[in-house]
Each structure stands twice: as C-alpha cells, then as structure tokens.
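Student: got a predicted structure here, sequence first:
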Amino acid sequence: MCTPVPSSNQRAVSASHEGPHTILCVSRMTDVPKRLLLGRALRSDRLSHTLLPKRVALPVFASDPLSSVAYAPGEVLLVLSVAGTSAYHFSPWIAGAVVVLMFTVVASYRQNVHAYPSGGGDYEVATTNLGRRAGLTVASALLVDYVLTVAVSISSGVENLGSAIPFVVEHKTLCAVAVIVLLTLMNLRGVRESGKLFAIPTYCFVVGVLGLIVWGVVRGALLGQEMKAPTADFHIHSTQTGLGGMALAFLLLRAFSSGCAALTGVEAISNGVPAFRKPKSRNAATTLALMGGIAVTMFCGVIALALVTDVKMAENPATDLLINGHAAGSDYHQNPVISQVAAAVFGDGTLPFLFLAAATALVLFLAANTAYNGFPLLGSILAQDRYLPRQLHTRGDRLAFSNGIVLLAGAAAILVVIYDADSTRLIQLYIVGVFVSFTLSQTGMVRHWNRLLTTETDPARRRHMHRSRAINAFGAFLTGVVLVVVLITKFSHGAWVSLLGMALFYALMTSIRRHYDGVSDELSAEDPDEAARARPSAVHSIVLVSKIHKPTLRALRYARLMRSDTMEAVTVNVDHAETEQLRRDWDERGIDIPLTILDSPYREISRPVIDYVKRLRKEQPREVVSVFIPEYVVGRWYEHLLHNQSALRLKGRLLFTPGVMVTSVPYQLESSELARRRARRREQWNAPGAVRRGPATPHRKATKASKESRGSEKGNGGRPGMPGPRGK
C-alpha cells in the first residue's frame, strides 16, 4: 500500500535525529561544480564588502552607454544612407542633438540619485509621485529594455568580433548564446567580482577610442595625411535621392531616434545607487557625470572621423552597396563604422587596430553587464512590492540576486535565437522602453519638487529646488518629444514588439500582485477571537500502514504522543494475501489501535485514502483529520530510484484537502546517517546555504549526540522512536 519512501523535506521526530538535514543526491552531485564555477558562499555580513568604488562602478553601470559608441554612429549613417551619401552631411547636426539630449538626461538623473538614493530609480520616482500604474509602466519598460540591452550588446559584439574572426560570423547565434551563458556565470559570482573583471576591457575600450580620435586629429589636421576607410571608394545605390519636405524630416527624425541608442543604460546608475560606497548619492552623481562626458566625446569623435574617412554604410548592403559598379552581393559582410574608422586611422591589421577591435568586442559583450546589475535589482524591488515572484528578492550564495540574473539570461537568449543575433533588427526594438522610463521619471521628479516647495521656507533650499525642478521639467519635455519621435519612426520597424512586451509584463505583474493580495487577505485573521471560535471540536488521527516494521511502529508511537481524540490505522487492500498477513500480524502483536482496510479494486492507493478522508470530513465537518505517513530516509543517490513514490503522491493530494493535516514521520537508515556526516563535513568547509542555516555544529559533537540519542532508544527496549527519559 503505502510503502515508506524517501522524503524530500523531512522533519525530525526522534532523539536520534538532531535537525532538518535534507540529503539530496542532486545537491551532492552539483555542489563541487557549483563551487568551482561560482566560488565559495559568502556570509550575509559580507554584503558591505561588495560595495563598489567609483572606478569600479563606472564600468559596471556605465558599460552600456559607453559601448553604444560601437554601434550608435553606424545606426545614424545606416538610416541616412536611404537618401544616398549626400545625406551624410546631416550627421553632425544629429550628433549635436544627441549630445544635448545626453547632457539633459545626465543632469536630470543627478537630481534623481540625490532625491531617491534607495535604488528604486525610475520605478520608485514614478510610483511615489505619479501612482502605482505609472510605476508599473516604468518597471515594465525597464525590464524589457534590460533584456534588449543584453541581446543587442552581445549581438553587436559578435558582429564586431566577426570582422576579425570569420568563424564567429558564420555561427553568430551560437556564439552569442555562449557569451550570454559565460556572462551569467560571471555575474553569479557577485557584483564586485564581475565589476573587477569587466573594468579592464571597458577602460581599454575607452583608451582605444580616445586614442583613435586623438591620432585621427593628429594625422588629419596636423600632419595633413589622407585617411580612407575600406569602403571609401564604394557607392550607395538609393532610389530615394533628393528627398525634401516631410520625407526628409521623417528620415532625419528616424536617424536621430537611432542615434539615441547612445543613451541606453543611463538610468542604470540611478537604479544601482545602493551598490555604491558611501557617500552613495554623491558617488553615483559623479559617476553619472563621468559617464556622460566620456560617452559624448567618443560618440562625436567617431561620427566626425567617419565623415572624414568617407565611410559608406547601407541598410541593405547586398543590393544597395556598389563595388566597382556592381552590387556587393549576399556574401559581403559590412563591418561596423568603428572598425572601418580604425582601419583608416591606424591601418588595417596593425597592432592598434587589433587592440581596438578586441576591446570593442569585449566591451560590447560586457555592456550587457549594465543589465545584469539593473534587472536583478529592479526585480528584487518589484518582488518586495509583491509584483514579481518572491524568489527574485532572495540573494544567492555570492550575495547576488541569482534568480533575477538567470531569468534575464534566459529571456535574452530567446531573443537572440529568434532574431538570429542580428543587431540591426534587434536595435529597432530598442529605445522605446528607455524613453518611456525617462519621460515618466522626469515628470515624477517635477511633482516631487512641487510637493517639497509647498512646505520649504529656507530661501537657499528653495532656490536649489527651483533649479532642480527646471532641469527635470526640461528633461521631461525633451525626452517626451523623443519618445513620440521614436514611436512614430520605429513602430513599424519593430518597436511594436517592445510595446507588446511592456504590456505583457504589466499584465503579469498586476496578476501576481492580485494573487499575493488575495492570499494575504485569505490568511489574515482580522478578528483576534476568530481562531478560538474556529477551533476544531476533535482531532481524528490516521496512521497509514502497509506492513508492520520499524517505520510503522515509530509512526504509531508518534501519533499516540499527539493525544488525538480518536486514532486508527488505515491500509489499502491492493494485494489480498498481503492484507490478510497484515491483519494476522496486527492481531498477534495485540496492537490496540483499530485497523481499517480500504478496498481498491483498481489497485490504486491514493484515491481510496482521499475518498475515505473526505467521507470522514463530511460526516464530522468540525473534526480535523490528522494523517501520519511513515517514511524512511536513504542517503545514496541510486537508492532514491529503487523505491516507489506512492507516499509522496498521496501527501501531495492530501495537502489540497481542506481540514486535513499531514505529518511525515521519517525513519533514518544507516546510509542516511553516513550522508548526514558527509554533509556535516561539507558544512565545516562552506556548504551552499550555510549563511542562511547559521553556524554548523562541530562534527565531533554531532557524532557524540547521535550516539547518545541511539543509546536512549536502546534503553527503551531497542524500539526506535520511543521517547527517552525526560528531564534531561
């Protein structure tokens, strides 16, 4: 019938079992690889040691906007190429508009980090000042944007690396997914560790691009040398040359919206203020200013050098890019703008060129780290507010939000596979979420200053608030205009997918919050006397048995200790001969607990027990039924495969039956004792979860206590499960 089986969640019931030590074969098999990949678990009190100084926080939180220099200038030229190379002369004006927008957003977010240093960022600002719906809209936009950041950055990095390694381009989807897995493992090791690891490539990229700009100015302006990109002699075939009026304006707006990719990730610093060292707000504001200055310098420098070296980019290079009067063909691979500029300034294949190519590919891969820090932190805050599963609020062994990191990696990998790691297609989905959060956040900040001004009387502080409000108001207006432009110019090119993703996230979070609120209302006891009035009239205990052995006897003894009003033993008649043997053994032993036999014509075990329990509940609605299930614990992984799982299935079904209490009574075999000792030795080292369990008992004391408890059982006639002497 109910053959005792290994339990996955045991509770101690005898003196020989010291505490809740779940011995799972999967945990043992994966423990060593996990420690090798992620490192030793960190204690909770080590959290302060993971905080970041500015020099590490810059590459951690600003790698996305810094790395956008590798693809944002190219996106501007790609859009302008629709009207032919003659439209390239508009690119400096577009770059100027992007610069104004960048400085505005940076200045606005400097107000955010001072006003809201808790780490909620745009979500907290919008929720506090504009309401729950606005906050959820911002959160949805940011979650979508973080997923796209990983997908776009890694896809672009694969393409840049493919300009030097053809194998990467031929298998770019596979390579992109592999990089996502690698980044996930790095971030699971902790924020500080990943930050140190990512700092070197980010600073190498910054040095490489700034060196490119300086050497380009020296060669072009001071030495008067001619610099030509590899595509300088190519031509662009365009069917829309000579655009004017609304068509030209729409094209310029579309190019501007593509160039705004340089602003992605700016908000990550305001979301990550808690990760900075003290003074947190000032350090975050300083990092924002550094990021803005470096990103603007590099963006404008690459755009200028692209025009000087006569770079040619086409949206459809196979047909629109002409080489010696002929279409490039489907075999042609169009290198990014920064690669072509580096080839013109440094020389193709030179050491500086290879250095910049490698640094660019690495920083694009690591740019996803901005999302790997922002997404889990935002997910943790949303989980704390009951908008996402509570598991996202739990820190892992390395004090990182591991569940959020894994969720982000899975979503980004799906996007990369769907879009075949094509950054040009993926970037069309980009930007929308960023500017939704920008606009709502700055609007919320305006209301924040308005509310403070109604009560502030100090003239100096009022002047500061007026200045801050003016900055945020201009930021809200400008980002709102850009949001409208992005929606108009990119909607049909893929932006609708981002809006759909935002709507799905919004609906999902609303449903999760409704569920948690419903559970909270259902579990709350509004009337203090409600528990006393709802007290059951009696408790009827049922002990499930299949045969008379030590686990069954332990369960019977334990059930007696509960002092139930009535008690019976229940077995299911699956095999008539075994059932008759059980009846005879029961009578011979003189067990004074009545044995009830349930018929099962179809040899089922769970259904007869469930039906019997429900019948008892129907006959006595105010009577609680307590079901005791004897189980034994094994310690070797293959032993789990050698026993049926009927008790686990039965337990799972009983948990959904109202008015029924389920108690597992474990009986530990010798193999479980050996496994427990092995677990003790691992805990002495630093077992997973040791931080959450607390300090481990020394192995020697555990062994001594175990021997004493077994001696207590022997003192009771050698019957395991009998209570030992009291008063000790």
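Tutor: That came through fine.

Student: CA only for contacts and neighbour counts going forward, please
Tutor: Will do.

Student: tell me which helix or strand the closest residue to residue 69 other than its chain neighbours sits in.
Tutor: Counting by C-alpha to C-alpha, 6 or more residues apart in numbering, the nearest residue to residue 69 once its immediate chain neighbours are dropped is residue 299, at 5.3 Å. Using DSSP states H and E, residue 299 falls within helix 280-308.

Student: average pLDDT for that helix, rounded please.
Tutor: The predicted model gives helix 280-308 an average pLDDT of 89.

Student: can you check stretch 218-225 too?
Tutor: Computed over stretch 218-225, the mean pLDDT rounds to 86.

Student: contact partners for the residue nearest to residue 69?
Tutor: Neighbour list for residue 299: 69, 72-73, 95, 262 [criterion: C-alpha atoms under 8 Å, 6 or more residues apart in numbering].

Student: ok, those vs residue 152, which is closest?
Tutor: The shortest separation between residue 152 and any of these is 11.4 Å, and it belongs to residue 72 (by C-alpha to C-alpha).

Student: okay, the nearest residue to the closest one once chain neighbours are set aside: pLDDT?
Tutor: The spatial neighbour of residue 72 that comes closest, neighbours along the chain excluded (C-alpha to C-alpha, 6+ apart), is residue 259 at 5.1 Å. Model confidence at residue 259, expressed as pLDDT, equals 81.

Student: do the same with residue 543
Tutor: Per-residue confidence (pLDDT) for residue 543: 94.

Student: any idea how far it lies from residue 229?
Tutor: 83 Å (C-alpha to C-alpha, to the nearest Å).

Student: render the CA-only coordinates of the strand ranked longest in the chain in PDB, please.
Tutor: Among all segments of the chain classified by DSSP state E, the strand with the greatest residue count is strand 623-633. Written as PDB, here are the backbone C-alpha positions of strand 623-633 (Å, rounded to 0.1, in the frame of the first residue of the first chain):
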ATOM      1  CA  GLU A 623     -13.400  17.500  13.100                       C
ATOM      2  CA  VAL A 624      -9.800  17.800  11.900                       C
ATOM      3  CA  VAL A 625      -8.200  14.700  10.300                       C
ATOM      4  CA  SER A 626      -4.500  14.300  11.000                       C
ATOM      5  CA  VAL A 627      -2.800  11.900   8.600                       C
ATOM      6  CA  PHE A 628       0.600  10.400   9.700                       C
ATOM      7  CA  ILE A 629       2.700   9.000   6.800                       C
ATOM      8  CA  PRO A 630       5.800   6.900   7.800                       C
ATOM      9  CA  GLU A 631       8.700   7.400   5.500                       C
ATOM     10  CA  TYR A 632      12.300   6.300   5.600                       C
ATOM     11  CA  VAL A 633      15.400   8.300   4.600                       C
END
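
Student: what element comes up after it heading to the C-terminus?
Tutor: Sequence order places helix 646-654 as the next helix or strand after strand 623-633, per DSSP H and E.

Student: once you drop chain neighbours, what's closest to residue 493?
Tutor: Across the structure, with C-alpha to C-alpha, 6+ apart as the measure, the residue nearest residue 493 apart from its sequence neighbours is residue 428 (6.0 Å).

Student: make that residue 137, sorry
Tutor: residue 506 (6.6 Å).

Student: can you check residue 154 too?
Tutor: Using C-alpha to C-alpha, 6+ apart and skipping residues adjacent in sequence, the residue nearest residue 154 is residue 365, 4.8 Å away.

Student: C-terminal to the host helix or strand of that neighbour, what's the next element?
Tutor: In the assignment (DSSP H and E), residue 365 maps to helix 351-384. The C-terminal neighbour of helix 351-384 among helices and strands, as given by DSSP H and E, is helix 402-418.

Student: and that next one with helix 351-384, angle?
Tutor: 120 degrees (axes from the mean of the first three to the mean of the last three C-alpha atoms, to 10 degrees).

Student: any idea of the mean pLDDT for helix 402-418?
Tutor: Helix 402-418 shows an average pLDDT of 88 in the prediction.

Student: show me what counts as buried in that helix.
Tutor: Neighbour counts using 16 or more other C-alpha atoms under 10 Å place 402-413, 415-417 of helix 402-418 among the buried residues.

Student: and for the closest residue to residue 288 other than its chain neighbours, the neighbour number?
Tutor: With C-alpha to C-alpha, 6+ apart as the criterion, residue 288 has its nearest non-adjacent residue at 6.3 Å, and that residue is residue 106. For residue 106, the neighbour count with other C-alpha atoms under 10 Å is 22.

Student: my guess is residue 106 contacts residue 293. True?
Tutor: No: between residue 106 and residue 293 there is no contact, the gap being 9.5 Å when judged by C-alpha atoms under 8 Å.

Student: hang on, the earlier thing: buried ones among the contacts of residue 299?
Tutor: If we count by 16+ other C-alpha under 10 Å, those have these buried: 69, 72-73, 95, 262.

Student: so residue 666 bridges to which residues?
Tutor: On DSSP bridges, the residues paired with residue 666 through beta bridges are residue 631.

Student: relative to residue 647, how far out is it?
Tutor: Relative to residue 647, residue 666 is positioned 12 Å away (criterion: C-alpha to C-alpha).

Student: between those two, which one's more packed in?
Tutor: For residue 666 versus residue 647, neighbours defined as other C-alpha under 10 Å are more numerous around residue 666 (27 against 23).
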